[in-house]
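Student: Give me the fold of what follows.
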Amino acid sequence: MAIEQISARSWLLVPGTLCTGAVFDGFLDALGVAERARSYVTLDRPSIQDYRADFEGLANDTVVCGFSLGAIVAAHFADSITSDRLILFGLNPYADDHAKAPSRHALAQDVRANGGAAALRTRLSDVFGPDPDATRAAVCQMAEETAPLISAQTRLALSRPGALSALTRAAMPVLAATGTRDQAAPIALGQAAAQSAPNGQFHPLDGLGHFALMENPNACSEVVQCWHEANNEHV
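Tutor: Below is the predicted model:
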């Protein structure tokens, strides 16, 4: 039986802190996902439970894909969403470390005072891939566009309860993928998420950092395509 291409599915996309949907563009283009098949969740509310309705009533062939804080939000609903696949890039499935609160508040204050691009420009030293300068510029552009969301996103990051319990009850295949040079969400965190899901799998993204999706979208798309095909071989 022919394998249905993952590019033919509907995609629900959840960007991270100070990110627009553009964080997924190169990756989805490489997979061949049509723009009309892409819908997005905006992280503009301060509590995990504020997003429950975004994940209800999804078509069974939907792919839910989150990045960073967006992956955290999606993972919290892994036990209730009815999607076909759950893909999580740069995920930390644990409750936020209280020691990070001062740096989170400092970032938010900097964004409010100086704009998203200026606030991130000095915080993006660990960017990798074929063209890190282009990636930095694209990340800063997203941050400038989403600066008004920083207060809600900061509260959301600080208050999250942890997603491992939801992942243990996930009915769909779950992929966690993390750059091997990701310092914001080290690979051990993605491994823990994948190991907790009944049908979970972890893939390291060699030589890439936290913004792996933008650093090398082709590498990310190849990992997802191979994972999708492997899962369908057993259907």
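
Student: how many neighbours does D29 have?
Tutor: By other C-beta atoms under 10 Å, the residues close to D29 number 14. To be clear about C-beta, it is placed using only N, CA and C from the backbone, and glycine gets the same treatment.

Student: can you confirm it is in a helix?
Tutor: Yes - judged by DSSP: H, G, I helix; E, B strand; the rest coil, D29 forms part of a helix.

Student: Surely it is in contact with P217?
Tutor: Yes - counting by C-beta atoms under 8 Å, D29 does reach P217; the two are 7.1 Å apart.

Student: Could you double-check that A147 lies in contact with G115?
Tutor: Yes - counting by C-beta under 8 Å, G115 is a contact partner of A147 at 5.7 Å.

Student: Neighbour count: those two, which is higher?
Tutor: A147 (20 against 15).

Student: secondary structure class for the more buried one?
Tutor: Under three-state DSSP, A147 comes out as helix.

Student: list the contacts for the nearest residue to L18 once chain neighbours are set aside?
Tutor: Once flanking residues are discounted, L18 sits nearest to A143: 4.0 Å by C-beta to C-beta, 6 or more residues apart in numbering. Contact analysis of A143 by C-beta atoms under 8 Å, 6 or more residues apart in numbering lists L18, C19, V111, G115, G116, A117, A119, L120.

Student: Let's verify the second one: helix, strand, or coil?
Tutor: Three-state call for C19 (three-state DSSP): coil.

Student: can you count the residues close to the closest residue to it other than its chain neighbours?
Tutor: In space, C19 comes closest to M142 once its chain neighbours are excluded; the distance is 5.0 Å by C-beta to C-beta, 6+ apart. M142 has 23 neighbours, counted by other C-beta under 10 Å.

Student: Pull out the buried residues from the helix or strand that contains M142.
Tutor: Assigned by DSSP states H and E, M142 belongs to helix 132-146. Neighbour-count burial for helix 132-146 flags P132, T135, R136, A138, V139, C140, M142, A143, E144, T146 (criterion: 16 or more other C-beta atoms under 10 Å).

Student: ok, the last one touching G21?
Tutor: No - under the contact definition of C-beta under 8 Å, T146 does not touch G21, with a separation of 10.3 Å.

Student: which residues of this protein fall in helices?
Tutor: For the chain, applying DSSP state H gives helices covering 25-31, 69-75, 101-114, 116-121, 132-146, 150-159, 164-167, 187-196, 212-215, 217-232.

Student: and of those, who's closest to Y40?
Tutor: Proximity to Y40, assessed across the helices of the chain by C-beta to C-beta, is greatest for helix 69-75 (9.2 Å).

Student: middle-most residue in the protein, spatially?
Tutor: F67 (1.0 Å; C-alpha atoms, centre = their mean).

Student: helices and strands of the protein: which one has the lowest mean pLDDT?
Tutor: helix 217-232 (a mean of 94; mean pLDDT, DSSP states H and E).

Student: so where's the chain uncertain?
Tutor: 1-3, 233-235 (pLDDT under 70).
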